[in-house]
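>>> just need the structure, nothing else, for what follows:
(chains A and B)
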Amino acid sequence: MTFTGFLIYKALLVLIVFTISLVIAMYSTYAERKVAAFMQDRLGPNRAGPFGLLQPLADGLKMFMKEEIIPNVSNKFLFILGPSIAMFTSCVTGAVIPWGGSLHIGGNVYPLQVTDINIGILYIMAITSIGVYGIMIGGWASNNKYSLLGALRASSQMISYEIAMGLAIIALVMHTGTLSLNKIAAMQTGWHWNIIYQPVGFIIFLICAFAETNRTPFDLPESDSELIGGYHTEYSSMKLGFYLFAEYINMFISSAIIATLYFGGYHMPFIDRLGLSDNFGAILGIVFLFSKIFFFIFFFMWVRWTLPRFRYDQLMNLGWKVLIPLSIFNVAFTGTLMWIFGRIH
Amino acid sequence: MDIWQDSLIKREMQALTTRSKIAVNKKMTFMERIYIPAILGGMAITLRHFFKKKVTIQYPEQQREFAPIYRGHHVLKRDENGAERCTACGLCAVACPAEAITMVAAERKKGEEALYREEKYAEIYEINMLRCIFCGLCEEACPKEAIFLTDEMVLTDYARAGFVHGKDKLVEPMDKDKRIDVSKRQTKEVAEFKKHPEYAHNQVYTKSLKA
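Okay, the predicted model is just below:
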């Protein structure tokens, strides 16, 4: 592959991943309203276009048309920086996710992953940690006590749950022996999905993923009933839209990471035995990955419209007194099993 | 044990509902403490509702059925010949608990016999729809069977002034085909009910219905 060809292919892939993230985030808002409505025996948005499919466009237009308010007492630079960081971090995480196998066109191999850095998981952890700053800076720059409280809650919650999440990933990495998401996805052929080897780690990771994306039952940073809107109380127009949008992109990326780490990524049992051509298999892989992602997005919404919000001390108890000990135990247990089965040399 | 439940048992009182449960603050078992079975139970409930029939009534296309005696917008009736029944006696205004009705009476002049049934009529008759509580007491008080509540809704407006409905909006059209039907409110049962001496003043229209 020539260098120019390589650049064009990567640029195209970046563009596609970016667009898909945005479109899915956009339609997640629609799906969220529909799922919420259906679970409450209602119909949800169904007026804009067939089945209300144009609703996200109308909502987006509304967001753009709204008056842009920057409070006088706020720190203007940080006030704008906050949503920018939130949006930026949620968009760049998609770079290391393997969206499928490789396409073989004209003797060249085109892996369906923007970049296969060998520390993919660490990259994701690092970016999600930066994501906290988006919320924290936004909340602090608003110069509003509700925003500040929301930001404080968000940062302490995310820091607490990142530990358990990291420990859950350590157990997974011990099992897989690599930090590269591409290799982790590639090794889960057939039934060898990591969920079978790491069920406890999966549950911990899932709970932490809910906490990291600020989704119910961990939506304390923006709990409307006590904190008006939490860190985005003072935000309006598209800056508010960025925060909300970032949350939905995060949800999409989290679903993709859960699917990649624990549910075989683009693999599906028995498909590899059909003897399909590489290209067709790769495309089918994308379909499988996305069906898993959509399931988990639905799962996120399903949980949101079932469970009430945690109280703050309960949240901290769960994080520090339950999940962290449990994940340490999981690491020790995984190590013991690996030692028994002779995988440690 | 819950204090309320405790006292209930001691006094051998009957619970007010059949659904009341005796609450016991026992220690939770391990399965209860990990919450996951309860969470899954909750999620099963929401999933069941996901596939249930929806209760939404899609308003402009679908409309909920009104009760036959719905109390909506008022109408001032005309008699068989098209003359206004209202004589501006003011009983409706007196009966009105919300004080929504005002009127100015006037004397019928020569040549207006086709317009007004009796010598006195309401020159101005206004109901403030923001005050009205749609109780129907005006209808009950009316000795001339002139005012009725119909199954029409009172439309919204941007300004308060628009809610004060005058005779232009209240009096039914002269045209016989466009008369507003209040026969649902004038059933046999109502006629029977109105035979009660207390309503003796209010039998004019019912009598004419029978004839």
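>>> could you measure from B:Gln58 over to chain A?
Separation of B:Gln58 from chain A (CB to the nearest CB, to the nearest Å): 7 Å. (Each C-beta comes from the backbone N, C-alpha and C, glycine too.)
>>> quickly find the element holding the nearest residue to that residue once chain neighbours are set aside.
Counting by CB to CB, 6 or more residues apart in numbering or on different chains, B:Gln58 lies nearest to A:Leu43, which is 7.4 Å off, once chain neighbours are set aside. Element membership of A:Leu43 [criterion: DSSP states H and E] is none; it lies in no helix or strand.
>>> hmm, A:Leu43 is touching A:Arg33, no?
No: in this structure A:Leu43 lies outside contact range of A:Arg33 using CB atoms under 8 Å: 10.2 Å.
>>> show me where chain B has strands.
Listed in chain order, the strands found in chain B under DSSP state E are B:74-76, B:101-107, B:120-128, B:147-149, B:164-165.
>>> state the pLDDT value of the closest residue to A:Ile97 other than its chain neighbours.
Closest residue in space to A:Ile97, ignoring its immediate chain neighbours: A:Ala256 at 5.0 Å, by CB to CB, 6+ apart. pLDDT for A:Ala256: 91.
>>> now B:Gln14
pLDDT, the model's per-residue confidence, is 68 for B:Gln14.
>>> what about whatever residue of the stretch 101-250 of chain A ends up closest to chain B, helix or strand, and which?
Among the residues of the stretch 101-250 of chain A, A:Ile203 lies closest to chain B, at 8.0 Å counting by CB to the nearest CB. Assigned by DSSP H and E, A:Ile203 belongs to helix A:199-212.
>>> show me which positions of that helix end up buried.
A:201-212 (16 or more other CB atoms under 10 Å in any protein chain shown).
>>> and that helix, what's its mean pLDDT?
Over the span of helix A:199-212, the pLDDT mean works out to 90.
>>> which residues outside it are in contact with it?
Contact with helix A:199-212 is made by A:128, A:131, A:157-158, A:160-162, A:164-165, A:167-169, A:171-172, A:194-195, A:216-218, A:250, A:254, A:257-258, A:261-262, A:300, A:303, A:315, A:318-319, A:323, A:326-327, A:330, A:333-334, as judged by CB atoms under 8 Å, 6 or more residues apart in numbering or on different chains.
>>> isn't A:Leu172 up against A:Trp193?
No: distance between A:Leu172 and A:Trp193: 11.7 Å, which falls outside the contact criterion (CB under 8 Å).
>>> mind listing the strands for chain A?
Ranges of strands in chain A, per DSSP E, are A:102-105, A:108-111.
>>> quick one: closest of those strands to A:Phe79.
For the strands of chain A, the distance to A:Phe79 is smallest for strand A:108-111, at 39.9 Å, taking CB to CB.
>>> contact partners for B:Phe163?
With contacts defined as CB under 8 Å, 6+ apart, the neighbours of B:Phe163 are B:128-130, B:154, B:157.
>>> reformat those residues as TSV; add distance to A:Phe280, neighbour count and pLDDT.
Output for those, formatted as TSV (distance: CB to CB, whole Å; neighbours: other CB atoms under 10 Å in any protein chain shown; pLDDT from 0 to 100):
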residue	distance to A:Phe280	neighbour count	pLDDT
B:Asn128	74	16	93
B:Met129	69	20	93
B:Leu130	69	13	93
B:Val154	65	16	88
B:Asp157	64	12	89
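>>> of those residues, just say which sits nearest to chain A.
B:Asp157 (24.3 Å).
>>> would you check how far apart the residue lying closest to that closest one once chain neighbours are set aside and B:Cys86 are?
Using CB to CB, 6+ apart and skipping residues adjacent in sequence, the residue nearest B:Asp157 is B:Phe163, 5.7 Å away. For B:Phe163, the distance to B:Cys86 equals 21 Å [CB to CB, to the nearest Å].
>>> kindly report the same for A:Gly335.
A:Gly335 sits 93 Å away from B:Cys86, taking CB to CB as the criterion.
>>> more neighbours, those two?
The residue with more neighbours, out of A:Gly335 and B:Cys86 and counting by other CB atoms under 10 Å in any protein chain shown, is B:Cys86; that gives 27 against 16.
>>> the more buried one against B:Glu145, yeah?
No: counting by CB under 8 Å, B:Glu145 is not a contact partner of B:Cys86; they are 9.8 Å apart.
>>> ok, back up a step: contacting chain B as well, which ones from the contacts of helix A:199-212?
Among the contacts of helix A:199-212, the residues that sit close to chain B (CB under 8 Å from any CB of the partner chain) are A:Val303.
>>> skipping adjacent residues, who's closest to the most centrally placed residue in chain A in space?
Within chain A, one residue has its C-alpha closest to the average C-alpha position: by CA atoms, centre = their mean, that is A:Ser254, at 2.2 Å. Leaving aside its sequence neighbours, A:Ser254 sits nearest to A:Ala209 (CB to CB, 6+ apart; 4.6 Å).
>>> sort out which residues of the lengthiest helix in chain A are buried, please.
If each helix of chain A is counted by residues according to DSSP state H, the longest one is helix A:3-39. Buried positions in helix A:3-39, judged by neighbour count with 16+ other CB under 10 Å: A:9, A:13, A:17-18, A:21, A:24-35, A:37-39.
>>> where in chain B is pLDDT low?
Under the criterion pLDDT under 70, the flagged ranges of chain B are B:1-15, B:199-211.
>>> for A:Phe77, which residues are in contact?
Counting by CB under 8 Å, 6+ apart, A:Phe77 makes contact with A:Ala141.
>>> distance check, it against A:Ser84.
Summarising the geometry, the distance separating A:Phe77 from A:Ser84, computed by CB to CB, is 11 Å.
>>> and if you look at A:Val303?
When distance is defined by CB to CB, A:Val303 is 29 Å away from A:Ser84.
>>> more neighbours: these two, which one.
Residue environment comparison for A:Val303 versus A:Ser84 gives the larger neighbour count to A:Val303, 18 against 15, counting by other CB under 10 Å.
>>> where does chain A dip in pLDDT?
Residues of chain A meeting the criterion pLDDT under 70: A:224, A:344-345.
>>> could you rerun that using 80?
A:1, A:100-101, A:105-109, A:111, A:190-191, A:216, A:220-230, A:269-279, A:281, A:342-345 (pLDDT under 80).
>>> contact residues of it facing chain B?
Listed as neighbours of chain B in chain A under the rule CB under 8 Å from any CB: A:35, A:38-43, A:46, A:302-303, A:305-307.
>>> widest-spaced pair of those?
Of all pairs drawn from the residues of chain A next to chain B, the greatest distance, 26.3 Å, lies between A:Asn46 and A:Leu307 (CB to CB).
>>> okay, which residue of chain B is out on the far edge from center?
Among residues of chain B, the one most distant from the C-alpha centroid is B:Phe30; the distance is 54.9 Å, by CA atoms, centre = their mean.
>>> which residues are in contact with it?
Contacts of B:Phe30 were listed using CB under 8 Å, 6+ apart, and none were found.
>>> what about it, distance to A:Leu315?
Taking CB to CB as the criterion, B:Phe30 is separated from A:Leu315 by 21 Å.
>>> likewise A:Ser254?
Relative to A:Leu315, A:Ser254 is positioned 18 Å away (CB to CB).
>>> how about A:Ser90?
Distance, A:Ser90 to A:Leu315, by CB to CB: 22 Å.
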